[in-house]
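Asks: The sequence and its predicted three-dimensional model are supplied below.
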Amino acid sequence: AGLLTGPVMVIHKAVSVVNAAKWAEKEVGCKVVPVFWIAGEDHDWDEANHACLVTAGSVLKKLAVGREGRPKTSVSRTKLDPGTWSAVLDELADSLPDTEFKPELLESLKLAASASDTLTELFARIMASLFAKEGLVLMDADDPALRRLEAPMFIRMLEKGEELERAYASGSSGLSELGYALQVEPQPGCANLFVYRDPAIDPNAGRLEGERVLLYRKDGGMFTDRKETFAVSQPALLALAAETPELFSNNVLTRPLMQDYVLPVLATVVGPAEIAYWAQLGEAFRSLGMAMPIVLPRTSYTVTDDGIRKYMDVYGLSFDDVRNRFDERKQAWLDERDTLSLDELFEETERRIADLYEPLLQALPAIEAGLADIGEKNRRKIVEQVRFLRAKAKDAHRLRFEAELRRFDRVAVWLRPDGKPQERVINYASMWNRYGSHWLDSLLAVPCSRSGGHYIIPL
């Protein structure tokens, strides 16, 4: 539940879910509902608290909100002051270029923020507005009402914890034997469930009450956290799971099991990293007598337009160039305009200085032994000055082509921001501000692909 929905790949996942549901409905002949499971239970604030934009000056900017002094609780349980939203939206308004779509975007975000207390609520309201016509159902994993439905499964996971641990280990071992790296390393003794610190679990919780901690089994049928700051028996945990299931939440290995328990899941749409750990889960599903759902790769998109393509054509850049060798192509273009061959010129100068100094350095010790060291220091100082001049000359050469290099950077900041795929960095606000609703409509128009894939979307 990232700030302003986080990187645009989150939107891509929702698009993939919607399109997969439409395709599957035709295949199976019954209603198939697209559901977005919001991981509001996650407590990694630094992963969720920011959004990256392309500014009016075509540079990348990060907006972020803090929660200093608060326990590491879930995103859904971290309430933010109304002033936080105002500050974020003011910074967003100042950062985005002025376009015909900007007023509508800012107004919709202001409306969503006014009714939201947490990042999860704001995330859900934005997603609901974007996919209102698509029938996308949004579920917060940390919703107390959902927890009550999950209570029997929490009990089952606690009772069968050791069996699940063996299943995770077996599935992971089989994957390793096939030569694949493990995305998630199963931890010995880990219950793969989180609890929120509460007096019922940790009588000394104090200021840490509400912190989300991972459970581990210990000797004597007791459970504790990694640092063993509390101890609670299995019968006590089972009673709490039945009576107050909102004190529990899933980790990355048990969340797929819980999703399949709560919902009749036909398929799950996941990204590359998620596919890697889903490959470790088959044994765990079987150990609970469950059938693992179909795994569908999320479809990826890179959005471009005439302005970006014009610069690419001018500088002879392909999309593959931008994706895999942008810095090299940019430097090669600059070097082609170096009519003086500065690198060769200065390297030759250094070589000549070395040649001129060598006879001198050989002769000086005949006068006095210490002169050789002084001569060497003198040579190094001259070389340092030559290299300083070389750097200045290179900077001056680059400055002559600054306007063109900025156009290079405009291509990169949009298609390969921070050297990463567009979808992993840029927030949807930059897309909507630049293209309006046409951007999302173009993604939804791409037919479902069961193999995921990557599409370049020209707008």
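Replies: Received, thanks.

Asks: What is the least confident helix or strand in the chain?
Replies: Least confident helix or strand of the chain, by mean pLDDT, DSSP states H and E, is helix 326-336 with a mean of 80.

Asks: any idea which helix or strand comes after it?
Replies: helix 342-363 (DSSP states H and E).

Asks: if you average pLDDT over the next helix or strand after that following helix, what comes out?
Replies: Next helix or strand after helix 342-363 toward the C-terminus (DSSP H and E): helix 371-400. On average, the pLDDT along helix 371-400 is 82.

Asks: Strands of the stretch 101-250 of the chain, residue ranges please.
Replies: For the stretch 101-250 of the chain, the strands defined by DSSP state E, counting those that start in this stretch cover 137-140, 190-196, 212-218, 222-224, 232-233, 248-250.

Asks: Enumerate the positions of the least confident helix or strand of the chain that are buried.
Replies: Using 16 or more other Cβ atoms under 10 Å as the test for burial, helix 326-336 gives 326, 329-330, 333-334. Placement of C-beta: from N, CA and C, glycine included.

Asks: Can you lay out these as a markdown table showing distance to residue 309?
Replies: Shown next, in a markdown table, are the buried residues of helix 326-336 (distance: Cβ to Cβ, whole Å):
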| residue | distance to residue 309 |
| --- | --- |
| 326 | 15 |
| 329 | 16 |
| 330 | 17 |
| 333 | 17 |
| 334 | 21 |
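
Asks: nearest to residue 378, of these?
Replies: Nearest to residue 378, judged by Cβ to Cβ, of those is residue 334 at 34.0 Å.

Asks: Walk me through the regions of the protein where pLDDT falls short of the threshold, as ranges.
Replies: The chain contains residues with pLDDT under 70 at 337-340, 397, 400-401.

Asks: Report the central residue of it.
Replies: residue 424 (5.6 Å; Cα atoms, centre = their mean).

Asks: And for residue 9, the neighbour number?
Replies: Using other Cβ atoms under 10 Å, residue 9 has 20 neighbouring residues.

Asks: contacting residues around it?
Replies: Residue 9 makes contact with 271, 298, 300, 421, 423-424, according to Cβ atoms under 8 Å, 6 or more residues apart in numbering.

Asks: by contact count, what packs against the least confident helix or strand of the chain?
Replies: Judged by 3 or more Cβ pairs under 8 Å, 6 or more residues apart in numbering; DSSP states H and E, helix 326-336 is in contact with helix 402-415.

Asks: Residues touching the helix or strand following the helix it packs on, excluding its own?
Replies: With elements assigned by DSSP H and E, the helix or strand that comes after helix 402-415 is helix 428-435. With contacts defined as Cβ under 8 Å, 6+ apart, helix 428-435 is touched by 4-5, 8, 11, 51, 53-54, 92, 96-97, 99, 101-102, 105, 109, 126, 130, 303, 305, 439-440, 459.

Asks: And the helices in the stretch 1-150 of the chain, which stretches?
Replies: Per DSSP state H, counting those that start in this stretch, the stretch 1-150 of the chain carries helices over the ranges 9-28, 45-48, 82-95, 102-114, 119-130, 144-159.

Asks: What spatial separation is found between residue 119 and residue 413?
Replies: 25 Å (Cβ to Cβ, to the nearest Å).

Asks: out of the two, which sits in the busier spot?
Replies: residue 119 (27 against 19).

Asks: roughly how far apart are the more buried one and residue 252?
Replies: Counting by Cβ to Cβ - residue 119 and residue 252 are separated by 19 Å.

Asks: From the contacts of helix 428-435, list the buried ones, please.
Replies: Buried, going by 16+ other Cβ under 10 Å: 4-5, 8, 11, 51, 53-54, 92, 96, 101-102, 105, 109, 126, 130, 303, 439-440, out of the contacts of helix 428-435.

Asks: that older thread, from the contacts of residue 9, pick the one nearest residue 225.
Replies: Using Cβ to Cβ, the contacts of residue 9 come closest to residue 225 at residue 271, 29.3 Å.

Asks: is it true that residue 244 touches residue 200?
Replies: Yes - contact criterion Cβ atoms under 8 Å: residue 244 and residue 200 qualify, at 7.0 Å.

Asks: What is the burial count for residue 365?
Replies: Neighbour count for residue 365, taken as other Cβ under 10 Å: 13.

Asks: Around the closest residue to residue 234 other than its chain neighbours, how many other residues sit close by?
Replies: Among residues not flanking residue 234 along the chain, residue 221 sits closest, at 5.0 Å (Cβ to Cβ, 6 or more residues apart in numbering). Around residue 221 there are 10 other residues, counting by other Cβ under 10 Å.

Asks: likewise the one 5 residues further on?
Replies: The tally of other residues near residue 226 (other Cβ under 10 Å) stands at 12.

Asks: In contact with it: list those residues for me.
Replies: Here residue 226 is in contact with 213-214, 216 (Cβ under 8 Å, 6+ apart).

Asks: again with residue 121
Replies: Counting by Cβ under 8 Å, 6+ apart, residue 121 has contacts residue 115.

Asks: do that again at 10 Å, thanks
Replies: Counting by Cβ atoms under 10 Å, 6 or more residues apart in numbering, residue 121 makes contact with 1, 38, 40, 76, 79-80, 112-113, 115, 140.

Asks: which of the strands of the stretch 101-250 of the chain sits most buried?
Replies: A comparison of the strands of the stretch 101-250 of the chain by mean neighbour count, using mean count of other Cβ atoms under 10 Å, puts strand 248-250 on top with a mean of 25.

Asks: That one packs against which elements?
Replies: Contacts defined by 3 or more Cβ pairs under 10 Å, 6 or more residues apart in numbering; DSSP states H and E place strand 248-250 against helix 144-159, strand 190-196, strand 212-218, helix 234-243, helix 255-262.
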